[in-house]
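> here are the coordinates; sequence isn't available:
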Ligand SMILES: [Zn+2]
């Protein structure tokens, strides 16, 4: 059965760096992928002569090349890069995208992660995007009373049955990406203005090794996967031990 996968991330390249292996596997298996970019990543330059317009044009073209490798559609929300906040406006815009795409799986940042690998502070836009995504997933996307203007647009409530959040510090799903790892590097390197090939391969090899190490997997991506039901109380009851 073809499944619809929707990514909700702050910047061009976030979906590919965090979940490129998972996305390549879904694409290979014929599932439909939509990449939602909350910002266009216009602060992603160290050249003071770059204009935001020039950076957006460059990164949008790079994103199109990466999306083509996944057969994915791209949705751009046009928020300002670098100052993202988990506002009600952003929550509504993410609910709108989810009710339009009606995904079986949503992939987003884990908003609880502040640090990684003892040498990386999580970009605040990633946490803000992850928080907004989680807050849109529950309960707003599934309840008609939230954002009635979306009902007026013909966008009915939708229950997203599966959510993959990453990179997770305490993953409940460690995905073996060994079979698609070279393709993941090529996918990331489509964002050529951000990722020079050699350091990118070294960095992502290290990240994938560290993720897989506890389970003896050579190369992996770490996720917290949530399975959500239409009824939260039935969902909780079905997995409970009866004492
Ligand atoms: Zn980013």
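Alright, I've got the coordinates. Bear in mind the structure is a predicted one, so any value in this text is a computation, not a measurement.
> tell me the pLDDT of the closest residue to residue 180 other than its chain neighbours.
Of all residues beyond its chain neighbours, the one nearest residue 180 is residue 24 (4.2 Å), with distances taken as C-beta to C-beta, 6 or more residues apart in numbering. Quick note: C-beta positions are derived from backbone N, CA and C, even for glycine. Looking at residue 24, its pLDDT stands at 98.
> residue numbering should commence at 20 henceforth.
That works, and once the first residue is 20, the last one we named lands at residue 43.
> for burial, what's the neighbour tally of residue 43?
Residue 43 sits with 23 neighbouring residues when counted by other C-beta atoms under 10 Å.
> that one - that's part of a strand, no?
No. Assigned with DSSP: H, G, I helix; E, B strand; the rest coil, residue 43 falls outside any strand and is helix.
> wait, it sits on residue 203?
Yes. Counting by C-beta atoms under 8 Å, residue 203 is a contact partner of residue 43 at 6.2 Å.
> identify the contacts common to those two.
Here residue 43 and residue 203 have residue 196 as joint contacts, going by C-beta atoms under 8 Å, 6 or more residues apart in numbering.
> mind listing what's buried along whatever helix or strand residue 219 lives in?
Element membership for residue 219, per DSSP states H and E: helix 216-231. Neighbour-count burial for helix 216-231 flags 219-220, 223, 226-227, 230-231 (criterion: 16 or more other C-beta atoms under 10 Å).
> cool, stretch 206-214 as well?
In terms of neighbour count (16+ other C-beta under 10 Å), stretch 206-214 has its buried residues at 206-210, 212-214.
> now do stretch 187-207
187, 190, 193-196, 199-200, 202-207.
> go ahead and name everything in contact with that stretch.
With contacts defined as C-beta under 8 Å, 6+ apart, stretch 187-207 is touched by 32, 35-36, 39-44, 47, 85, 88-89, 129, 131-132, 135, 183, 214, 216, 219-220, 223-224, 227, 230-231, 233-234, 236-244.
> what mean pLDDT does that stretch get?
Averaged across stretch 187-207, the pLDDT comes to 97.
> same thing with stretch 237-255?
90.
> do the same with stretch 88-105
For stretch 88-105, mean pLDDT rounds to 98.
> and the end-to-end length of that stretch?
Length of stretch 88-105, first residue to last, C-alpha to C-alpha, to the nearest Å: 30 Å.
> how far away from the center of its chain is that stretch?
Centroid separation for stretch 88-105 versus its chain: 10 Å, with C-alpha atoms, centre = their mean, to the nearest Å.
> now do stretch 252-262
Stretch 252-262 sits 29 Å away from the centroid of its parent chain (C-alpha atoms, centre = their mean).
> buried residues in that stretch?
Within stretch 252-262, no residue counts as buried by 16+ other C-beta under 10 Å.
> which residues touch it?
246-248.
> closest to the ion among the residues you listed?
Minimum distance to the ion across these is 25.3 Å, recorded for residue 247 (C-beta to the ion).
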